[in-house]
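J.: What follows is a predicted structure for the sequence shown.
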Amino acid sequence: MSEPQSSFRVEMTINGRAKHATIEARKSLGDFLRDDAGYTGVHLGCEHGVCGACTVIVDGKAVRSCLMLAVQADGCEVTTVEGVAQADGTFHPVQAALREEHALQCGFCTPGIVCTLTALTKGDQKPTEEQMLAAMSGHICRCTGYQGIRRAITRLAAGEAA
Amino acid sequence: MKPAPFDYVAPTTVEDACQVLADAGGGATMLAGGQTLMPLLNLRMSQPFILLDINKIEALKGVSRAQGATRVGPVTRQCEALASAELAAALPVLVEALSHVGHHQTRNRGTIGGSIALGEPAAEMPATAVALGAVIEARSVRGTRQIPAREFYLGPYMNVLEPDELVTAIDYPDWPQGHITLFREVAQRPGDFALVGMVGALALEGGKIARAGIAWFGMGPTPIAAAQAEQALLGQSIDAIDPQAIAELAVADTAPFDDHHASAEYRRTVGRRIFARTLGEALNIRKAA
Ligand code: FES
Ligand code: FES
């Protein structure tokens, strides 16, 4: 077995591209994604698991990146908001629905919401409107009053993205 | 925000993990799903010398059958347990309680064992273990022991585990098919800790209560078994049960406190009501069937 160490070499796939670095064990995945990998679409709000702004997708599941160490994501596939749209910039249906329904104002909370909804609707998963709304309890938005976000979810559930 | 520096190790076997704990002499902190520990690290309320990550130990994951029990590995993610057909069939109330634990995003990381070992007094998983009569298996280099959930908790976030012990399984004893389940909680928002909650199971034989397991959460320093209520229910015919009277007995076992969310009196009052209502509704459904 390896001994306890304070720094590690990690390797992960972020938005389809391999990234490796030597990092301190104490570095959160959120800090790693922003500071080392340059994905500043990852928004750190509270940094203690309350607001949901930092949500990213790790191996297909939406997780709070402030509550996971970067070293724990070694070998994982990570998607941030930057990796959600198609390569040519075409919006993901989740992004299109949020845009269409004016579901953001300052946009600070939005990358997290995009990641949660993208992970929930991935592949042939068809979450109900209720399930998507329930997942929104993991996000705090201080601007919109949530009505636009709710409408975007209604739209998504009905399968009419844009 | 950054945690204070620590050394990190992620063994892949229970033996290695126990060795790390033994060598650390109390200086190691265990990281399971991290949904509580990571905030504490980020805020530097916890500053361990060694962080022992148990997420790579496959032997601690998954749901399986044990002798007369369903065995849940402590590092089973809450989202996985929530989706487990095996658990839904054997322990429906555990799955119902799980749907109230945190949020979708925290359940994707959070584990069953982490929640049980943490022992937040208002959390669903510790109380469910107490109600259903679960047994917690703990291991160290010194050996393995089985601890009934009812003897596991000492106070808020305090349990009987020694610093070198690791939870290796939670065994939920079988309840007969078609047993009655009880669950209700009152929280300010979905995903918040409950102000008051109760969870339980009742097994019937010939229209009489043959087995009862009920516990409170948010009603004292630990999850609390409603022992007097359980006792009073045993042997009673479901037509003769007075939910109000049983609820009185159940509240008598609690020790709620005042905090900035609710007063002890509020918790007792609401607790009494949700207990009576949940029990009454569950019995009515059964009587009608
Ligand atoms: S920054 Fe991670 S939940 Fe707020
Ligand atoms: S759009 Fe500003 S916080 Fe949600």
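T.: Yep, it's here. Ligands and ions are numbered 1, 2, ... in the order given.
J.: who's in contact with B:I116?
T.: Counting by C-beta atoms under 8 Å, 6 or more residues apart in numbering or on different chains, B:I116 makes contact with B:74, B:125-126, B:129, B:136, B:149, B:152, B:167, B:170. Just so you know, the C-beta spots here come from the backbone N, C-alpha and C atoms, and that holds for glycine as well.
J.: In helices, which of those residues appear?
T.: Taking DSSP state H as the definition of helices, these contribute B:125-126, B:129.
J.: Pick out whichever of those sits closest to ligand 1.
T.: Closest approach to ligand 1 among those (C-beta to the nearest ligand atom): B:M125, at 20.9 Å.
J.: Measure how buried the closest one is and give me the count.
T.: Neighbourhood size, B:M125 [other C-beta atoms under 10 Å in any protein chain shown]: 30.
J.: How about B:P163?
T.: B:P163: 14 surrounding residues under other C-beta under 10 Å.
J.: What of B:G143?
T.: 9.
J.: Likewise for the one 10 residues further on?
T.: Counted with other C-beta under 10 Å, residues neighbouring B:Y153 total 23.
J.: Save the contacts of B:I116 as a markdown table, and put in distance to ligand 1 and pLDDT too.
T.: Output for those, formatted as a markdown table (distance: C-beta to the nearest ligand atom, whole Å; pLDDT from 0 to 100):
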| residue | distance to ligand 1 | pLDDT |
| --- | --- | --- |
| B:P74 | 24 | 98 |
| B:M125 | 21 | 98 |
| B:P126 | 24 | 98 |
| B:A129 | 27 | 98 |
| B:I136 | 30 | 98 |
| B:A149 | 30 | 98 |
| B:F152 | 30 | 98 |
| B:V167 | 26 | 98 |
| B:I170 | 27 | 98 |
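J.: Could you pull up the contacting residues of B:E248?
T.: B:R272.
J.: If we go by neighbour counts, what in the helix or strand hosting it is buried?
T.: Using DSSP states H and E, B:E248 sits within helix B:243-252. Across helix B:243-252, burial judged by 16 or more other C-beta atoms under 10 Å in any protein chain shown covers B:243, B:246-251.
J.: Can you tell me the closest non-neighbouring residue to the residue nearest to the spatial centre of chain A?
T.: Geometric centre of chain A, nearest residue: A:V56, 2.5 Å, by C-alpha atoms, centre = their mean. Once flanking residues are discounted, A:V56 sits nearest to A:S65: 4.7 Å by C-beta to C-beta, 6 or more residues apart in numbering or on different chains.
J.: any idea how far that neighbour is from chain B?
T.: Per C-beta to the nearest C-beta, to the nearest Å, A:S65 is found 10 Å from chain B.
J.: My read is that that residue contacts A:T55, right?
T.: Yes. Here A:S65 reaches A:T55: they are 6.9 Å apart, a contact under C-beta atoms under 8 Å.
J.: Those two - which one has more neighbours?
T.: A:T55 (35 against 30).
J.: May I have the phi/psi pair for the more buried one?
T.: A:T55 adopts backbone torsions of phi -60, psi 130, taken as degrees, to the nearest 10.
J.: Looking at strand pairing, list the partners for it.
T.: A:R64 (DSSP bridges).
J.: ok, now A:R9?
T.: Beta bridges link A:R9 to A:T22 when assigned by DSSP bridges.
J.: ok, it - contacts?
T.: A:20-23.
J.: from these, which is closest to ligand 1?
T.: Using C-beta to the nearest ligand atom, those come closest to ligand 1 at A:I23, 18.3 Å.
J.: can you count the residues close to that closest one?
T.: 19.
J.: Let me see the contact set for it.
T.: Contacts of A:I23 (C-beta under 8 Å, 6+ apart): A:7-10, A:32, A:36, A:70-71.
J.: and A:M12, how many neighbours does it have?
T.: A:M12 has 22 neighbours, counted by other C-beta under 10 Å.
J.: ok so it is a helix residue?
T.: No. Applying DSSP: H, G, I helix; E, B strand; the rest coil, one finds A:M12 to be strand, outside a helix.
J.: Could you double-check that it lies in contact with A:Q72?
T.: No. Assessed by C-beta under 8 Å, A:M12 is found out of contact with A:Q72, at 10.1 Å.
J.: wait, what's in contact with the residue nearest to B:L98 when sequence neighbours are not counted?
T.: Spatial nearest neighbour of B:L98, excluding adjacent residues (C-beta to C-beta, 6+ apart): B:L82 at 4.9 Å. By C-beta under 8 Å, 6+ apart, the contact set of B:L82 is B:95, B:98-99, B:107.
J.: Check what pLDDT B:L82 gets.
T.: With respect to pLDDT, B:L82 scores 97.
J.: go on, B:T36?
T.: On the pLDDT scale, B:T36 is placed at 96.
J.: what's the burial count for it?
T.: Going by other C-beta under 10 Å, the residues that sit close to B:T36 add up to 22.
J.: Got a quick ChimeraX command for the buried subset of the contacts of B:L82?
T.: Of these, the buried ones go into a single ChimeraX selection, burial set by 16+ other C-beta under 10 Å:
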select /B:95,98,107
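J.: I'm done for today, thanks for sticking with me.
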